[in-house]
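Novice: I'd like to go over a predicted model; first the sequence, then the structure.
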Amino acid sequence: MKRKVFAALLATAMVGTMLAGCGTPGSGGSDGGGTSDEKVFRYSTSTEPTTLDPTKGNCIPDNEIAHALTESLVRNTGGEIEPGVAESWEVSEDGLTYTFHLNPDAKWSDGEQIKAQDFVYSWQRLMNPDTAAPYAFIGEYLKNGLAVEKGQMDPSQLGVVAQDDTTLVVTLERPTAYFLSLIGSSAQYAPLRQDIVEQYGSDFAADYEKNVYSGPFVLTKSSDNQWFFEPNEEYWNRDAIKLDRVELNYVQNPDTALAMYEDGELDYVSIPTAAISTYEGKDNTFLNGNVDYFYFNMDGSCPELANKNMRLALNYALNRNEYNELVNYGYYKPSNGLVFSGLTGVESTYGEESNLNSYPLDGDDAKAKEYLNAALSELGYSDPSEVTLTLTTSDNESSKKQAEVCQEMWNSTLGINVEIEQVTYNEVLTRQADGEYEIIWAGWGSDYDDPYSYLELFMSSSAYNYSGFKNDQYDQLMTATQTEVDTAKRMDMMHQAEQILIDEGAFLPQAEREIHYLIDDDVKDVTFFYCAINIDWVYADIAAE
């Protein structure tokens, strides 16, 4: 979820069944009932959430829902940190120990007090290998987190202790300046009620009724590709919640979602790239921090992609400017790096300071063929037509277009064969994790405003190192960033690490996503951010007409 939650598909990548809401924006009158003076915010999602269990979430759509339904120790709203369940906290001088003092008035939706033990249980469940949480690595910041995750220590040895009902002491593995930002936006750090989880077992959070909520909203519907939210009357900061209901629909076709907005059935919509020019001057934009790229399988199962020269040939053969025009109508930002360029650097942005020596955005056919010939010689091929690679992506038209553009460029420049395999979005995630692919679509959005969130994906110790990349120098640099206190030196280490990925052709960067959207004039205080949560409507309001 980044967060590091796993990045969602392109705003135009749609999967599943279209469902439409009813009524006019902000008017109520939907299937959920209500009156005309209700404040109802309606929007759609293009990527179906995978779970309602905050421990097991692994993508931004999961995290955005959980952000409304859960309350961690602090709340991160667009990068601003404010109290959550904890009303105050202290940090030790060495930056390793956080002592949180919980608000005794913070309650679950059933009226029970939220206690420090609820965080202990939740975080131990996250790191327990028996849970098989796909995002468990996000808890490795905690003392003994990695050892617990690997089954080398008991979950009780995790660095989180409840001294009493309202005092939680957290010990980190290393100083982490962005720790509060991380726990304020990552659903995996939310509390859980042990009795509720154990009551429902494997069915916990399977639907809205099999859960209890700590956050500003409760779920009142979670079926038929619709999710309805209403205020949690037990929420400690209930007065800050202005909306009466939020209705989220999963819509298959981006043009359908746009038509729903035009018909007054949605209050917010992301504009399909093909339609952006139609709304020029009327739209709004934000960079959502998501980068799109392809993973290469380097675990040895595909000899061609285990070959560095073949990976470099594929990278130099891609004209990213032309790709962006053909696939994204020129509205995204072509990228030749891994880290989102808009992250905060030392004095400006990360991208302005990095000075990467990377692949030309227009490609380089001569270099591509040079690397290809070296790869063919090393692999024992006499002709490029002997090479066949499979590109796996999700089962929608936008993803198919991405794959076909790459297929054509690689075939025309290199003369190799590329087969396209389309599967569901969930299957894409599964195959990434299982290493069952040759080339596969990927995307990532940061959980916090730091390049480490992207770069740790290629550390040999990372649970999210889906490519099988291993480089000792890279690992050493990234490990050193964990303890380096000089900001400039640490940032330089990450620049060096990213350069290694480029030099090794460890992945194939494509673009950074710029989202164009429409939102009703009467909708206020919706927050957009480039870390963990792209759209945050928790504090939104609808102005009176």
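Specialist: Received it, and whenever you're ready, just let me know what you need. Numbering: from 1, shown residues only.
Novice: what's the first-to-last distance across stretch 327-336?
Specialist: 16 Å (CA to CA, to the nearest Å).
Novice: now swap in stretch 449-468 and tell me
Specialist: End-to-end for stretch 449-468, by CA to CA: 26 Å.
Novice: Just the mean pLDDT for it, thanks.
Specialist: Averaging pLDDT along stretch 449-468 yields 92.
Novice: chain center to that stretch: distance?
Specialist: 13 Å (CA atoms, centre = their mean, to the nearest Å).
Novice: what comes up buried for it?
Specialist: Judged by neighbour count using 16 or more other CB atoms under 10 Å, the buried positions of stretch 449-468 are 449-459, 462-468. In short, each C-beta sits where N, CA and C put it, glycine included.
Novice: Likewise for stretch 111-130?
Specialist: 114-128.
Novice: go on, stretch 57-64?
Specialist: Result for stretch 57-64 [16+ other CB under 10 Å]: buried residues Gly57, Asn58, Cys59, Ile60, Pro61, Asp62, Asn63, Glu64.
Novice: Dump those to JSON lines, plus pLDDT and distance to Thr47.
Specialist: Shown next, in JSON lines, are the buried residues of stretch 57-64 (pLDDT from 0 to 100; distance: CB to CB, whole Å):
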{"residue": "Gly57", "pLDDT": "92", "distance to Thr47": "13"}
{"residue": "Asn58", "pLDDT": "84", "distance to Thr47": "12"}
{"residue": "Cys59", "pLDDT": "84", "distance to Thr47": "7"}
{"residue": "Ile60", "pLDDT": "85", "distance to Thr47": "8"}
{"residue": "Pro61", "pLDDT": "88", "distance to Thr47": "5"}
{"residue": "Asp62", "pLDDT": "92", "distance to Thr47": "9"}
{"residue": "Asn63", "pLDDT": "93", "distance to Thr47": "12"}
{"residue": "Glu64", "pLDDT": "94", "distance to Thr47": "10"}
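Novice: Just to be sure, which of the buried residues of stretch 111-130 are found in helices?
Specialist: Of the positions in the buried residues of stretch 111-130, Ala116, Gln117, Asp118, Phe119, Val120, Tyr121, Ser122, Trp123, Gln124, Arg125, Leu126, Met127 sit in helices, assigned by DSSP state H.
Novice: what's the burial count for the closest residue to Pro175 other than its chain neighbours?
Specialist: The shortest distance from Pro175 to any non-neighbouring residue, by CB to CB, 6 or more residues apart in numbering, is to Gly95 (3.4 Å). Using other CB atoms under 10 Å, Gly95 has 14 other residues around it.
Novice: Which helix or strand contains Gly95?
Specialist: Following DSSP states H and E, there is no helix or strand that holds Gly95.
Novice: Would you quantify the distance from it to Leu343?
Specialist: Note on Gly95: its distance to Leu343, by CB to CB, to the nearest Å, is 21 Å.
Novice: what does Ser399 give?
Specialist: 26 Å.
Novice: got it, and Asn355?
Specialist: From Asn355 to Leu343 the distance is 15 Å (CB to CB).
Novice: again with Gln482
Specialist: Distance from Gln482 to Leu343, by CB to CB: 17 Å.
Novice: With neighbour numbers in mind, choose between the two.
Specialist: The neighbour comparison of Gln482 against Leu343 (other CB under 10 Å) goes to Leu343, with 22 against 15.
Novice: Nothing else from me, thank you.
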